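[1] missing the sequence, but the structure's below:
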């Protein structure tokens, strides 16, 4: 069974960033079903509008995600 914790508040996002937890990014489809956007990275920056996630895989990049459109999860 897959269990996860959604990060909804500034404090939860900050704690995940501070502890360097791998965060996955999900979005809701038109059918109200959550779909995986990215399988995970480390939170680098948190603003009132977006979350910046750094990926340490082969692409070694940063992505910006709007907080109101995405769900951020840790396992």
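    Right, received. Where do you want to start? Please read all numbers here as calculations on a predicted model, not as lab measurements.

[2] First-to-last residue distance for stretch 6-21?
    This stretch, stretch 6-21, spans 13 Å end to end (C-alpha to C-alpha, to the nearest Å).

[3] Kindly report the same for stretch 4-13.
    So stretch 4-13: terminal residues 14 Å apart, C-alpha to C-alpha.

[4] Go through that stretch and flag the buried ones.
    Buried residues in stretch 4-13, defined by neighbour count with 16 or more other C-beta atoms under 10 Å: 7, 13. For the C-beta atoms, the positions are set from N, CA and C on the backbone; glycine is no exception.

[5] ok, and what's touching that stretch?
    Outside stretch 4-13, the residues that touch it by C-beta atoms under 8 Å, 6 or more residues apart in numbering are 16, 23, 24, 43, 46, 51, 71, 72, 73, 74, 75.

[6] wait, the last one sits on residue 3?
    Okay, so that is residue 75. Yes: using C-beta atoms under 8 Å, residue 75 is in contact with residue 3, at 7.1 Å.

[7] Compare those two (neighbour count), which wins?
    residue 75 (11 against 5; other C-beta atoms under 10 Å).
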